[in-house]
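Engineer: show me how the following folds:
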Amino acid sequence: MVALLGYPLIVQLITSLKSVNSTGDHGWVGLKNYGSVLTDGSFWHSVLVTAQFAAICLVLEFVLGLALALAVNRVLVGGGPMRVLILIPTMITPAVAAINFRLIMNANTGILNWFTSLVGLPEVNWVADPATAMWALAAVDIWRSTPFVILVLSAGLLSMSVDVLEAAQLDGASAWRTLVLIKMPMLTPLILVVVLFRIIDLFRTFDLPFILTQGGPAELTNVASLQIYADMFSGYFTSYAATEGIIFTAITLVFGLMLVRSLRADQS
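Structural biologist: Okay, the predicted model is just below:
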């Protein structure tokens, strides 16, 4: 743990307190980098874009994942193989998925525009149009990550006490009331796991926006990881990028803990 987690974080923290760039190490500057990052409009814009992306993906992935988990659990024959097939998108690396969807969404040769043309809709440059770029980016992540939500929630549904569900039916509870008042509270521990894992994963996303949109158009998909990457490898501001990384990690940690506490409070 010390070697894999502690040492890199300590090195990053030390770097954030110094002035290190492409010309070398210029010594200690204290908290100067933190003051610069905290007043940097570009950094905070990337944080807001990340939060928007995470919110869209998390809500849609959970709703779709729960609906499909409920549907899969009603399959009496072939449920096991179906769960294996559902997991296929998660086996594809984000970079490969992004390349494939970039071809699918290509404005001139993409098959998506061919389908929309069949119903008389105009061609759309999905990844370059300000109105669709964020949704195109979110769609790829939803395609890749919803199977994870399905798998976890489906396992939770399968492990529920049959006696409790039968008692609810005998009491005349409808399917909706059973879901909201019995199944959802029983799934809360697994929902916490899903939400925490997905929040962390969504906040640190890099591959999809880097390949699909490059942060465009007009930085509407410029997530925090892209901003930090640009400052590190394009601007060669090593200390500044390290400081952005530490601040963004702290934001992710605080946001994740707040969300988990909120869900635990709802459970109580």
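
Engineer: what is the least confident helix or strand in the chain?
Structural biologist: helix 79-86 (a mean of 77; mean pLDDT, DSSP states H and E).

Engineer: what does whichever helix or strand comes after that one rub up against?
Structural biologist: Moving toward the C-terminus from helix 79-86, the next helix or strand (DSSP states H and E) is helix 88-91. Helix 88-91 has contacts (Cβ atoms under 8 Å, 6 or more residues apart in numbering) with 97, 143-148. Glycine gets a C-beta too; all of them are placed from N, C-alpha and C.

Engineer: can you flag the buried ones in those residues?
Structural biologist: 97, 143-148 (16 or more other Cβ atoms under 10 Å).

Engineer: helix, strand or coil for residue 27?
Structural biologist: strand (DSSP: H, G, I helix; E, B strand; the rest coil).

Engineer: count of residues packed around it?
Structural biologist: For residue 27, the count of nearby residues is 8 (other Cβ atoms under 10 Å).

Engineer: in terms of helices and strands, where is the most centrally placed residue in the chain?
Structural biologist: In the chain, the centroid-proximal residue (Cα atoms, centre = their mean) is residue 202; its distance is 2.2 Å. Secondary structure from DSSP H and E places residue 202 in helix 184-203.

Engineer: what helices or strands is that helix leaning on?
Structural biologist: The criterion is 3 or more Cβ pairs under 8 Å, 6 or more residues apart in numbering; DSSP states H and E, and the helices and strands that helix 184-203 contacts are helix 41-72, helix 133-158, helix 238-267.

Engineer: quick check on the residue in the chain sticking out farthest from the centre: phi, psi?
Structural biologist: Distance from the centre of the chain peaks at residue 170, with 40.2 Å (Cα atoms, centre = their mean). For residue 170, the backbone dihedrals are phi -70, psi -30 (criterion: degrees, to the nearest 10).

Engineer: and it, how far from residue 225?
Structural biologist: 52 Å (Cβ to Cβ, to the nearest Å).

Engineer: who touches residue 206 in this structure?
Structural biologist: So residue 206 contacts 223, 225-226, 229 (Cβ under 8 Å, 6+ apart).

Engineer: same list (those residues) but as CSV, adding secondary structure.
Structural biologist: Shown next, in CSV, are the contacts of residue 206 (three-state DSSP):
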residue, secondary structure
223, coil
225, helix
226, helix
229, helix
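
Engineer: count the residues that sit near residue 224.
Structural biologist: 28.

Engineer: before we move on, what SS does residue 122 have?
Structural biologist: Residue 122 is classified as coil under three-state DSSP.

Engineer: show the contacting residues for the nearest residue to it once chain neighbours are set aside.
Structural biologist: For residue 122, ignoring the flanking residues on the chain, the nearest one in space by Cβ to Cβ, 6 or more residues apart in numbering is residue 116 at 7.8 Å. Residue 116 makes contact with 122-124, according to Cβ under 8 Å, 6+ apart.

Engineer: distance of residue 116 from residue 135?
Structural biologist: When residue 116 is compared with residue 135 (using Cβ to Cβ), they lie 14 Å apart.

Engineer: buried subset of the contacts of residue 206 as a ChimeraX selection?
Structural biologist: Burial among the contacts of residue 206 is assessed by 16+ other Cβ under 10 Å; the matching ChimeraX selection reads:
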select :223,225,226,229
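
Engineer: in a markdown table: the contacts of residue 206, plus distance to residue 35 and pLDDT.
Structural biologist: Formatted as a markdown table, the contacts of residue 206 follow (distance: Cβ to Cβ, whole Å; pLDDT from 0 to 100):
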| residue | distance to residue 35 | pLDDT |
| --- | --- | --- |
| 223 | 23 | 94 |
| 225 | 22 | 93 |
| 226 | 23 | 94 |
| 229 | 22 | 93 |
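
Engineer: quick one: which two of the contacts of residue 206 are the most distant?
Structural biologist: Greatest spacing in the contacts of residue 206, by Cβ to Cβ: 223 and 229 (9.7 Å).

Engineer: any residues touching the helix or strand just after the helix holding residue 202, and which ones?
Structural biologist: Toward the C-terminal end, the helix or strand that comes next after helix 184-203 (DSSP H and E) is helix 207-212. By Cβ under 8 Å, 6+ apart, the residues outside helix 207-212 that reach it are 93-95, 97-99, 101-102, 105, 127, 136-137, 140-141, 215, 221-223, 225-226, 229.
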